[in-house]
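Asker: what follows is a predicted protein model with its sequence.
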Amino acid sequence: MNGTGIDLSNGREDIAVYFKPNPTEQTFPLFQYSPVNIQGPGCLVDPSEITLTGCSCLSYTCISESCGCLQTHGQSYSSNGTLVNINVSDIGHSTPVFECNALCSCSDNCSNRVVQRGLRLSLQVCMMSNRGWGVRTLQPIPCGTFVCEYAGEVISFEEARRRQIAQRFEENNYIIAVREHAGTDSVTETFVDPAMVGNIGRFLNHSCLPNLFMVPVRVHSLVPRLALFAARDIDIQEELTFDYSGGYKNQKPGQLHFTQSDAANQASRTVQRKACHCGANNCAKFLPSDVSILN
C-alpha cells in the first residue's frame, strides 16, 4: 500500500487500480476482480471466444485504404487512440465500434486497438461524501480518451430479471442493459452484472451531467465490451461518472425501481424510487432504472 491506496485488481490490470480505504468503513467491497467480461448464467456465447474475422495488414498500424476491418466497420479512433465521430449529445444513435482483433496480423500497437489494451489511466476508488464508493482520476484525461470498461458477468434477460426481483431495495443494482438497434426490427440486448465479478467500472456513480459516456465496442467477439470514454476534458481529482440510462433521448428520467415488499410472494411488489445525489443542475432527482426487465 502507498499514499494512493492498495491495488484493488491485485495485479490483474497492467496499471494499479488504487483503492483508498475509508477510516470509518473498514470492510472492502466483496467481489472478484476481472478486467474483462466473463460468461455468466444464461449467456450462450463465451465473451472470450474469438468469433470475428481479422485483417491481413502487416503494417505497424492499419489504414482505411487497405485494412479490411476499417473498410467494413469504419474508423472509430484517431491516430492517438481517441474516439472520433461520436455525438455525445445523442450517444444512443452512434455508429458501432469494431477493433482489430486476435486474428488480425497488424501490430499490437495498431491505432485500431484501444479498449483491448485495458486500463491505462491512474484511477482511485474512494468514498464520496454522500454517494458511497466512487472513482476519481489521479491524472488529467483528454476528451475522447478510453477510460475503463464496465466489465462483469454477461447474463441472459431471464437471469437479469431473476436477480432484480430477488434484490432488496437497499442493495445496489449493478446490472446494465444495453440495447442496440440495427434497423426497425433488429435489437441486440446485452446484460452485464459486475456485482459478484467485475472491475473498477462497478464503482462509477451515476450523474445526470456525466463526464463519461458508454459505447459498446466489439473486439474479438460479437458480445460487446461496454467501454467508457471521456465526454470532455477531465481535470485531475475529478470524480468519474456516467449516465446509467445510457443517455438515450427517449429515456424517461426518474423511472421507477421495483422491489419486493414480501420476499415470499413475488407477485406482491411495491414501487419505490431511489434518490439521485449527483448535484447537477439538470438532476432528475431519481436514479434511472430499467423496469422493462421486470415486465
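Answerer: Cool, the structure landed. Numbering: from 1, shown residues only.
Asker: max-length helix in this structure?
Answerer: In the chain, assigned by DSSP state H, the helix with the most residues is helix 157-166.
Asker: please name every helix or strand in contact with it.
Answerer: strand 187-198, strand 257-260 (3 or more CB pairs under 8 Å, 6 or more residues apart in numbering; DSSP states H and E). Every residue, glycine included, has its C-beta placed from N, CA and C.
Asker: show me the helices in the chain, by range?
Answerer: So, for the chain - with DSSP H - the helices run 68-73, 157-166.
Asker: what residues does the residue nearest the centre of the chain make contact with?
Answerer: What sits nearest the mean C-alpha location of the chain, by CA atoms, centre = their mean, is residue 150, with 2.7 Å. By CB atoms under 8 Å, 6 or more residues apart in numbering, the contact list for residue 150 reads 176, 192, 194, 199, 201, 202, 204, 214, 226, 227, 228.
Asker: ditto for residue 292
Answerer: Contacts for residue 292 (CB under 8 Å, 6+ apart) come out as residue 177.
Asker: tell me how far it lies from residue 17.
Answerer: Per CB to CB, to the nearest Å, residue 292 is found 32 Å from residue 17.
Asker: residue 64 now?
Answerer: Counting by CB to CB - residue 64 and residue 17 are separated by 34 Å.
Asker: residue 231 too?
Answerer: In terms of CB to CB, residue 231 sits 21 Å off from residue 17.
Asker: how about residue 164: what's its closest non-neighbour residue?
Answerer: Closest residue in space to residue 164, ignoring its immediate chain neighbours: residue 293 at 5.6 Å, by CB to CB, 6 or more residues apart in numbering.
Asker: can you tell me the number of residues neighbouring that neighbour?
Answerer: Counted by other CB atoms under 10 Å, the residues lying close to residue 293 total 20.
Asker: renumber starting at 31 from here on
Answerer: Understood, numbering begins at 31; the last thing we discussed is residue 323.
Asker: can you tell me how far it is from residue 206?
Answerer: 11 Å.
Asker: what's the overlap in contacts for the two?
Answerer: Contacts common to residue 323 and residue 206, judged by CB under 8 Å, 6+ apart, are residue 221.
Asker: could you check how far residue 41 is from residue 252?
Answerer: Residue 41 is 30 Å from residue 252, by CB to CB.
Asker: between these two, who's got more neighbours?
Answerer: Neighbours per residue (other CB under 10 Å) separate residue 41 from residue 252, with residue 252 holding more: 13 against 9.
Asker: what's that one sitting at in phi/psi?
Answerer: phi -70, psi -10 (degrees, to the nearest 10).
Asker: roughly how far apart are it and residue 128?
Answerer: From residue 252 to residue 128 the distance is 10 Å (CB to CB).
Asker: residues shared between the contacts of these two?
Answerer: Counting by CB under 8 Å, 6+ apart, the shared contacts of residue 252 and residue 128 are residue 82.
Asker: find the nearest non-adjacent residue to residue 255, please.
Answerer: Closest to residue 255 by CB to CB, 6+ apart is residue 247, at 5.0 Å.
Asker: need the contact list for the one you found.
Answerer: Contacts of residue 247 by CB under 8 Å, 6+ apart are 127, 128, 129, 144, 145, 254, 255, 256, 257.
Asker: mind putting those residues in JSON lines, neighbour count and distance to residue 169 included?
Answerer: Below are the contacts of residue 247 laid out as JSON lines (neighbours: other CB atoms under 10 Å; distance: CB to CB, whole Å):
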{"residue": "127", "neighbour count": "25", "distance to residue 169": "24"}
{"residue": "128", "neighbour count": "19", "distance to residue 169": "28"}
{"residue": "129", "neighbour count": "24", "distance to residue 169": "24"}
{"residue": "144", "neighbour count": "24", "distance to residue 169": "17"}
{"residue": "145", "neighbour count": "23", "distance to residue 169": "19"}
{"residue": "254", "neighbour count": "23", "distance to residue 169": "27"}
{"residue": "255", "neighbour count": "24", "distance to residue 169": "23"}
{"residue": "256", "neighbour count": "24", "distance to residue 169": "22"}
{"residue": "257", "neighbour count": "25", "distance to residue 169": "19"}
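Asker: good, we can wrap up now.
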